[in-house]
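Novice: After the sequence you'll find the predicted model.
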Amino acid sequence: MTASKRNQNSLFHSIGRLYPFLRPILPRLILGLLSALAASIVALAVPQVYQVLINSALHQGGETRSVWIAAVVVLLLGILEASFVALRRQFVITPATTVETKMRISLYRHLQDLTVSFHDRWGSGQLLSRAMSDLNFLRRWMAFGAIMLVVTTLTVIIGLVLMFTLSWALALIFIVAGVPIVIYGFRFNRYYRKVSRRSQDQTGDLATAVEESVHGIRVLKAFGRSKEALENFSDQAEELRETEISKAKSLATYSLVISLLPELALGSGLVVGILLVANGTLTVGALVAFFATAAVVATPVEFMGPLMAMSLTMKTAVERFYEVMDAENTIVDPEQPKSLEQVRGNVEFHDVAFHYADASTNILHDINLNIRAGETMALVGITGCGKSTLLQLVPRLYEVTAGGITIDGVDVRDLPIERLRTLVSVAFEDTTLFSSSVRDNVLLGTGTDSEEVLNEALDVAQAHFAYSLPDGVDTLIGEEGLSLSGGQRQRVALARAIASKPAVLVLDDPLSALDVNTEELVEARLREVLADTTTLIVAHRPSTVAMADRVALMENGSITAVGTHSELLASNSHYRYVLASLNEEPKDLDSELEDDDRDLDDLQGVQV
Ligand SMILES: Nc1ncnc2c1ncn2[C@@H]1O[C@H](COP(=O)(O)OP(=O)(O)OP(=O)(O)O)[C@@H](O)[C@H]1O
């Protein structure tokens with residue numbers, strides 16, 4: 001192992017990485033440490049009182065007054081020790097929770113910044129376990145483990161020095177007993193570090209499994225796969241159990257070694273001690289004081305096992321935290337951002353190529369496309385040809401790997417990301433709504449709480465059903481709120497995309513779950529409202545294609561033809577083939593019955 005690798009593996013390296021978070025609370029941590037140390041020193045002082053007491057009073061002709069004085073001193077020392085322990089808690093508990101919260105917020109902020117590519121690669125459970133259990137663990141270590149580890153070590157050192165001053169021969173027995181403890185400690189350290197890492201990773205995997213199955217509960221039930229899911233989960237839970245048992249066994253063996261050896265030393269020390277007293281080398285007071293000190297030292301020694309285990313788990317938690325924090329955000333603001341004052345919304349793709357981070361072959365290549373300002377361009381192609389991928393390049397959810405995309409001649413990479421994402425609004429086929437009200441979901445990107453904006457967006461998206469929900473537009477929807485149907489969800493997501501009145505609208509088949517009639521109504525309103533908005537829309541249905549001014553045909557990751565619907569229909573056989581395969585059937589007929597107080601006359605007025 002190289003020196004730098006060894007350094008990275010050390011506990012100090014992990015503590016060093018925590019330093020920026022620990023720095024503000026360092027004074028309180030030090031005060032906590034001093035309080036804990038003072039408590040230990042007071043505990044170690046008690047045996048010294050015994051020695052004085054025994055040597056001066058507990059023999060024939062000794063002073064009885066000294067017994068009382070000693071009793072009062074021992075009582076006062078006891079009170080003092082308890083006070084120092086209480087003080088330690090007082091000093092460290094609040095700052096430790098502050099650090100935990102700050103780290104959690106930093107992690108969340110960084111997760112928000114990280115690219116979609118990063119999130120493609122990381123299981124949600126792994127991130128969840130880092131944000132929750134690892135940080136929770138770090139707090140406990142800061143508030144207790146760190147301080148106690150230092151105090152315990154110092155107590156043992158001070159205790160051994162005192163034992164040496166009382167009787168070096170007896171102290172030597174304890175030092176000899178300590179050698180196997182240290183050797184075994186190194187083995188324990190190596191093994192426990194590995195097993196603790198495995199356990200924390202397995203906890204993350206288990207969290208991912210729970211998250212996935214809760215999310216996909218309908219699919220699991222519909223396909224009768226609940227039993228298999230349970231079996232998979234049980235296997236994973238069993239693996240975690242085995243790891244936990246390995247951890248517990250290793251800790252139990254280490255704890256046995258570190259409690260048994262001092263006991264053996266105590267036993268043999270007693271025999272040697274009595275012999276030393278018998279031959280007059282040692283006073284009875286010193287013998288009692290020695291063993292009382294040894295008893296005070298034995299407790300922290302026994303405590304050393306759990307404290308080491310705690311520190312090693314802390315080390316893993318720090319590593320896991322920084323694995324995410326060290327992940328670099330590759331989609332960042334430009335160093336010299338350009339401004340775009342008069343936005344018209346002309347979007348151009350110039351020789352664009354793209355591949356996902358974990359793939360080497362291009363999903364998209366040689367993409368050249370000009371979407372004029374205010375134009376609606378439909379993107380058509382067989383499934384898997386790269387349509388959704390192409391859309392996500394516009395707001396820089398993924399970054400082009402070659403070529404560039406411009407809005408009114410300015411490369412999207414030269415615009416501040418926040419500005420770009422207010423210019424470009426997106427609605428995906430697979431909608432995500434947040435656990436919040438309809439109002440909050442729709443107004444998410446607008447920076448306003450205007451009733452007018454909300455009503456218009458809901459109207460364009462034909463999401464009037466929202467007014468009939470139990471609390472109207474303030475009804476809680478999303479994961480913890482009212483469940484909406486697929487079509488309703490899509491309409492709320494569409495309302496969200498258009499509410500911010502973007503210059504460029506990117507729609508990934510956002511009407512796929514609507515019945516044909518509702519889709520017609522949405523499209524009619526969209527056409528009016530988006531007359532000035534440049535729109536790039538993935539179309540899976542002829543009715544969506546009909547809404548577009550022009551159509552771009554995509555084949556194997558490239559745009560092979562651009563023209564009006566009728567031009568392509570007349571001239572391009574692949575277009576005819578794709579169009580013939582587009583699905584006219586509504587995927588979800590949820591909306592027409594329950595939702596809108598829609599006017600039948602209006603419905604009949606809009607023809608396919
Ligand atoms: N996050 C990802 N990581 C790696 N590969 C991906 C990722 N997302 C999509 N792909 C791959 O990229 C290719 C294009 O996918 P994309 O979703 O862009 O196609 P599409 O034309 O939109 O398909 P559909 O019409 O079915 O929605 C597919 O082969 C897919 O497997």
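Specialist: Received it, and whenever you're ready, just let me know what you need. Numbering: from 1, shown residues only.
Novice: ok, the residue lying closest to V92 once chain neighbours are set aside - how many residues close by?
Specialist: Of all residues not flanking V92 in the chain, G32 sits nearest, at 3.9 Å (Cβ to Cβ, 6 or more residues apart in numbering). Backbone N, C-alpha and C define where each C-beta goes, glycine included. G32 is flanked by 26 other residues according to other Cβ atoms under 10 Å.
Novice: Packing partners of the host helix or strand of S213?
Specialist: Assessed by DSSP states H and E, S213 sits inside helix 168-215. Judged by 3 or more Cβ pairs under 8 Å, 6 or more residues apart in numbering; DSSP states H and E, helix 168-215 is in contact with helix 124-129, helix 146-166, helix 226-278, helix 284-325.
Novice: I'd like those helices as CSV, with distance to T401 and mean pLDDT appended.
Specialist: Listed next are those as CSV, based on distance: least, Cβ to Cβ, whole Å; pLDDT from 0 to 100:
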stretch, distance to T401, mean pLDDT
helix 124-129, 26, 87
helix 146-166, 45, 86
helix 226-278, 36, 86
helix 284-325, 24, 85
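Novice: And those: which comes nearest the ligand?
Specialist: Proximity of the helices and strands packed on helix 168-215 to the ligand was assessed by Cβ to the nearest ligand atom; the nearest stretch is helix 124-129, lying at 14.5 Å.
Novice: Contact partners for the most centrally placed residue in the chain?
Specialist: By Cα atoms, centre = their mean, the chain has its centre lying nearest to L127, at 3.3 Å. L127 makes contact with L111, G204, V324 under the criterion Cβ atoms under 8 Å, 6 or more residues apart in numbering.
Novice: How much space separates the last one from L18?
Specialist: Looking back up the chat, that one is V324. According to Cβ to Cβ, to the nearest Å, V324 stands 15 Å off from L18.
Novice: How about the second one?
Specialist: With distances taken as Cβ to Cβ, G204 is found 20 Å from L18.
Novice: where does Y356 fall, phi/psi-wise?
Specialist: Taking degrees, to the nearest 10, you get phi -70, psi 160 for the backbone angles of Y356.
Novice: and what of D411?
Specialist: Backbone torsions of D411, given as degrees, to the nearest 10, read phi -60, psi 140.
Novice: Which residues are in contact with the closest residue to it other than its chain neighbours?
Specialist: Distance criterion Cβ to Cβ, 6+ apart; nearest residue to D411, sequence neighbours excluded, is G404 at 5.0 Å. Applying Cβ under 8 Å, 6+ apart to G404 gives the contacts H350, D351, V352, D411, V412, R413.
Novice: Just to be sure, the third one is in a helix?
Specialist: Okay, so that is V352. No - counting by DSSP: H, G, I helix; E, B strand; the rest coil, V352 is not found in a helix; it is strand.
Novice: I367 is in contact with that one, correct?
Specialist: Yes - the pair V352 / I367 is scored as a contact, 3.9 Å apart, by Cβ atoms under 8 Å.
Novice: neighbours around H540, how many?
Specialist: H540 sits with 23 neighbouring residues when counted by other Cβ under 10 Å.
Novice: Tell me the pLDDT of it.
Specialist: Note for H540: predicted pLDDT of 80.
Novice: Need the contacts of L127 in a markdown table (columns: neighbour count and distance to T293).
Specialist: Listed next are the contacts of L127 as a markdown table, based on neighbours: other Cβ atoms under 10 Å; distance: Cβ to Cβ, whole Å:
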| residue | neighbour count | distance to T293 |
| --- | --- | --- |
| L111 | 17 | 51 |
| G204 | 22 | 45 |
| V324 | 19 | 47 |
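Novice: for the residues you listed, which one is nearest M308?
Specialist: Closest approach to M308 among the contacts of L127 (Cβ to Cβ): G204, at 23.4 Å.
Novice: separation between that closest one and G185?
Specialist: Counting by Cβ to Cβ - G204 and G185 are separated by 28 Å.
Novice: just checking, T422 touches G445?
Specialist: Yes - judged on Cβ under 8 Å, T422 makes contact with G445 at a distance of 7.1 Å.
Novice: so what's in contact with the two at the same time?
Specialist: S500.
Novice: tally of neighbours for C385?
Specialist: Look at C385: counted by other Cβ under 10 Å, it has 21 neighbours.
Novice: Please report how far it lies from the ligand.
Specialist: 4 Å (Cβ to the nearest ligand atom, to the nearest Å).
Novice: Please apply the same query to I382.
Specialist: In this view, I382 and the ligand are 7 Å apart by Cβ to the nearest ligand atom.
Novice: For that residue, list the residues it contacts.
Specialist: Residues near I382 by Cβ under 8 Å, 6+ apart: E555, V578, S581.
Novice: Show only the entries of the residues you listed found in helices.
Specialist: Counting by DSSP state H, the contacts of I382 place V578, S581 in helices.
Novice: hmm, back to that, using TSV, lay out the contacts of L127 together with distance to T330.
Specialist: Formatted as TSV, the entries for those read as follows, by distance: Cβ to Cβ, whole Å:
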residue	distance to T330
L111	15
G204	24
V324	15
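Novice: The protein against the ligand: which residues are in contact?
Specialist: Proximity of the chain to the ligand is confined to D120, Y356, A359, I363, G381, T383, G384, C385, G386, K387, S388, T389 under the rule Cβ under 6 Å from any ligand atom.
Novice: Same list (these) but as a markdown table, adding pLDDT, secondary structure and distance to A143.
Specialist: Shown next, in a markdown table, are the residues of the chain next to the ligand (pLDDT from 0 to 100; DSSP: H, G, I helix; E, B strand; the rest coil; distance: Cβ to Cβ, whole Å):
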| residue | pLDDT | secondary structure | distance to A143 |
| --- | --- | --- | --- |
| D120 | 86 | helix | 36 |
| Y356 | 91 | coil | 43 |
| A359 | 80 | coil | 45 |
| I363 | 92 | coil | 49 |
| G381 | 91 | strand | 57 |
| T383 | 85 | coil | 54 |
| G384 | 87 | coil | 52 |
| C385 | 89 | coil | 55 |
| G386 | 91 | coil | 52 |
| K387 | 92 | helix | 52 |
| S388 | 91 | helix | 47 |
| T389 | 93 | helix | 47 |
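Novice: Select only the buried ones of these in PyMOL?
Specialist: If you want just the buried ones from the residues of the chain next to the ligand in PyMOL, going by 16 or more other Cβ atoms under 10 Å, the selection is:
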select buried, resi 356+363+381+385+386+387+389
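Novice: Nice, that's everything, thank you.
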